[in-house]
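# Kindly generate the corresponding structure for this input.
(2 chains, ligands or ions: 5)
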Number of protein chains: 2
Amino acid sequence: METQTWIQISADSDFSYHNIPFGVFSTVCNKEDARPATRVGDFIIDLREAERQGLLNGELFSKLNHKVFQGKTLNSFMELTRPHWQEVRRTIQSLLHTGSALDTNKELQSKVVIPFTDKIILHLPAQIGDYTDFYSSYTHAYNVGVMFRGKDNAIQPNWLHIPIGYHGRASTVVVSGTDIHRPRGQAKPPTAEKPMFTECKRLDYELEVAAFVGGPANKLGEPIKVDSAEDRVFGFVLMNDWSARDHQAWEYVPLGPFNGKNFGTSISPWIVTLDALEIFRVDLEAQNPEPLPYLKEKRHTSWDINLEVYLHADGNAKPDILTKSNYKYMYWNIAQQLTHHSVGGCILNAGDLLASGTISGPQKHEFGSMLELSWQGTEKIALSEGKERTFIQDNDQIIMKGFAEKNGIRVGFGECAGKVLPALPENKYY
Amino acid sequence: METQTWIQISADSDFSYHNIPFGVFSTVCNKEDARPATRVGDFIIDLREAERQGLLNGELFSKLNHKVFQGKTLNSFMELTRPHWQEVRRTIQSLLHTGSALDTNKELQSKVVIPFTDKIILHLPAQIGDYTDFYSSYTHAYNVGVMFRGKDNAIQPNWLHIPIGYHGRASTVVVSGTDIHRPRGQAKPPTAEKPMFTECKRLDYELEVAAFVGGPANKLGEPIKVDSAEDRVFGFVLMNDWSARDHQAWEYVPLGPFNGKNFGTSISPWIVTLDALEIFRVDLEAQNPEPLPYLKEKRHTSWDINLEVYLHADGNAKPDILTKSNYKYMYWNIAQQLTHHSVGGCILNAGDLLASGTISGPQKHEFGSMLELSWQGTEKIALSEGKERTFIQDNDQIIMKGFAEKNGIRVGFGECAGKVLPALPENKYY
Ligand SMILES: [Ca+2]
Ligand SMILES: [Ca+2]
Ligand SMILES: [Mg+2]
Ligand SMILES: [Mg+2]
Ligand code: NI
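Residues are numbered from 1 along each chain as shown, chains lettered A, B, ... in the order given. Ligands and ions are numbered 1, 2, ... in the order given. Here you go, the predicted structure:
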């Protein structure tokens, strides 16, 4: 990067001059005072204050007759259009240039720019109206299919035609750093005659990338065309779709996952925009069979984003890496997912969340869940300090990371982390 | 009823002195000015104005340090506790008594009491955070099971142990009176080799009763015990869970219904409280097998609420009745549904919606969907004026009604109505 910036950004920072992600923070002094921000290197730029100070003065923003960064979430900003999002990113970048108002006016700088320390609390970036989880990585669908139905029937007949998805639970989407209690619920081990009420014995992670919907909502009944679908994508976060495999296995026929999923879903706090990711766009293989016309794109692409999952075992000094995958391992991409979601006329609102589904690559170390890595618990996963796992144990921490790199430019997501606490005592239940 | 009221309420009104349901309205003069209300006979009582005028002056309400009826939804009121809801109902009833302030002060009356005319617009009563649909009527589960798997495997092994449910789509829950476009989507007729992109050919209704959640939310990870679960139920509405059977059949394996359901879900506008319904409570048969301890209640009950579905065929002078069912035909009741929903620690917020699932009674005229009435389209349903149907046709209207009656007391839900408009032209899709 040749651009001269007055802020120090280390070359390996996820939050480069090129990134400019959006999130919501407060400080320990006033936890409730949450406000929108971006992050650059080891600094936060307070967008509520920046807007108040008149720093967001691009052409489109000057024409707005309301402020968009004064609430506790990014929803008002997300409801605008892609050109608005692009303008704010460019405006912030220009404020980082040497000699900008934010560089030279130190009083202004002290109001708007805040060092990123342990006094900063990050919040959910948006009020999530609805959350949907897709199932769009071929390897993941194949692996799960082989486990449950054998090799010959691994991929269901509908999977190659539909970006399969299900409605998830928005109320329990939580921000990175939130602890998750091991859930209790019903399970029926294959050998048992009756189901039992039991704490989850097969607690798993699912490595996903989730898109925040943006833009003006489509009306009830109105579909979104696939070639304009990306205009409705505000940006991406990492997601850990925590899964209680034993509960899920017993409940999911015929209406799909429910308590196996709704006890918590963690996302990373900074939303990375499509503009930051554009240079990492990659073509995907042509789909075979050819998708139905409403899902057929001019160009079928995803983004080359490295995805990693670490398990920090209870008592160990350091985390171990379990998964190395990539967002390019998608069969159905976000444009197709979003278009399919709306094809019956479903309203997609700014702030809605659409998750990719578990992203597994073709090689074993690229599998995006412990279900796959331990092949349904039949193979131990070796960790450091002589430990091993098949599923997540109490007080283990799962940490997901994501970053793209090309031509010396790095755009990262930071972390999506969460620790598993023991189940609550049984007397809390009956 | 011996109580003397100054408001004229006809004996057959759904909105009796005993009822006092909660909803949200505006007028055609100022559509956007939506505000909470109750309905009594052919009048609306504006609760925003009543609160401003100091009429809601019960003991608990006097202690609140914030107003709860000044927003555009009932959420603030729903977030309070059952004693608060009870107090407001009693306060409103006392305002209806002859000689009350609202009777004698005509200026006050003209501000607070509004005739229910065609100038009144009813809105969704709450901002719905999450919507869940259960599947808890035995006859419905059995009928669908017989159709898809035959008599011997009709009831899935998990159904008698779990109040099966799935997450639905909150963004497209709409209030009675909203037209629904026939959705397009993917379907694969049994004889076809490949799926097609097609307008829904098997558009159906599902007769349901939906509960609005109320009370302070449980924390992430914290379950709700079954014997206190009703404290988290604010009240009930009628629901038509519109269903695109052909789309649903092709998409639902393995993750459940998606586009087959998310194109629209209609609810009646007035929320009827548990207090209004208490005298209609009935015991249900003991469950066999016995539920697991967390689902076992001191007393297993539902409510005796008559439910009716009418189809007003395009061009006909009058609607025909298709379904006569009852809310007592529940195997799993609302307390068990809500408890099961929270058992893994899922947060239930005030304003969330939990639907019963299609309520079918044991007799044929009690079946709660056309899928069952026409037995998957194999039998014609006769209508007046020589018409017949297997599924819903364009410009047909579906009207649901619900009411309870006992000892001369009537508590009704009003209507949940919706008309099906033709599918949009294909050039809207690609
Ligand atoms: Ca998932
Ligand atoms: Ca239903
Ligand atoms: Mg989850
Ligand atoms: Mg529906
Ligand atoms: Ni806790």
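# I'd assumed residue A:355 was in contact with residue A:133.
Yes: using Cβ atoms under 8 Å, residue A:133 is in contact with residue A:355, at 4.5 Å. C-beta here means a position set from N, CA and C on the backbone, and glycine is covered the same way.
# overlap in contacts of the two?
A:168, A:208, A:241 (Cβ atoms under 8 Å, 6 or more residues apart in numbering or on different chains).
# So which of those belong to strands?
Using DSSP state E, residue A:208 are the members of these that sit in strands.
# In CSV: the shared contacts of residue A:133 and residue A:355, plus pLDDT and distance to residue A:120.
Formatted as CSV, the shared contacts of residue A:133 and residue A:355 follow (pLDDT from 0 to 100; distance: Cβ to Cβ, whole Å):
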residue, pLDDT, distance to residue A:120
A:168, 98, 28
A:208, 99, 25
A:241, 98, 26
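# out of the shared contacts of residue A:133 and residue A:355, who's near ligand 2?
Among those, not one lies near ligand 2 by Cβ under 5 Å from the ion.
# Can you add neighbour count and distance to chain B and give the shared contacts of residue A:133 and residue A:355 back as a markdown table?
A markdown table is the format used below for the shared contacts of residue A:133 and residue A:355 (neighbours: other Cβ atoms under 10 Å in any protein chain shown; distance: Cβ to the nearest Cβ, whole Å):
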| residue | neighbour count | distance to chain B |
| --- | --- | --- |
| A:168 | 25 | 6 |
| A:208 | 28 | 14 |
| A:241 | 26 | 12 |
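# closest to ligand 2 among the shared contacts of residue A:133 and residue A:355?
Among those, residue A:168 lies closest to ligand 2 (Cβ to the ion), at 17.5 Å.
# Do I have it right that the closest one meets residue A:263?
No: counting by Cβ under 8 Å, residue A:168 stays clear of residue A:263, with 11.5 Å between them.
# got the residue ranges for the helices in the stretch 101-250 of chain A?
Assignment of helices within the stretch 101-250 of chain A using DSSP state H, counting those that start in this stretch yields the ranges A:101-104, A:106-112, A:138-149, A:245-251.
# right, and those - which one's nearest chain B?
Relative to chain B, the nearest member of the helices of the stretch 101-250 of chain A by Cβ to the nearest Cβ is helix A:245-251, separated by 5.7 Å.
# Tell me the residue of the stretch 1-150 of chain A that sits nearest ligand 1?
Of all residues in the stretch 1-150 of chain A, residue A:133 sits closest to ligand 1, at 4.6 Å by Cβ to the ion.
# What about that residue, how many residues nearby?
Residue A:133: 28 surrounding residues under other Cβ atoms under 10 Å in any protein chain shown.
# which residues touch it?
Listed by Cβ under 8 Å, 6+ apart, the contact set of residue A:133 reads A:165-166, A:168, A:208, A:241, A:261, A:355, A:357.
# and residue A:227, how many residues sit next to it?
14.
# With the one 10 residues further on instead?
Taking other Cβ under 10 Å as the criterion, the count of residues near residue A:237 is 31.
# got it, and residue A:255?
21.
# Closest residue of the stretch 1-150 of chain A to ligand 4?
Closest point on the stretch 1-150 of chain A to ligand 4, by Cβ to the ion, is residue A:130, at 12.9 Å.
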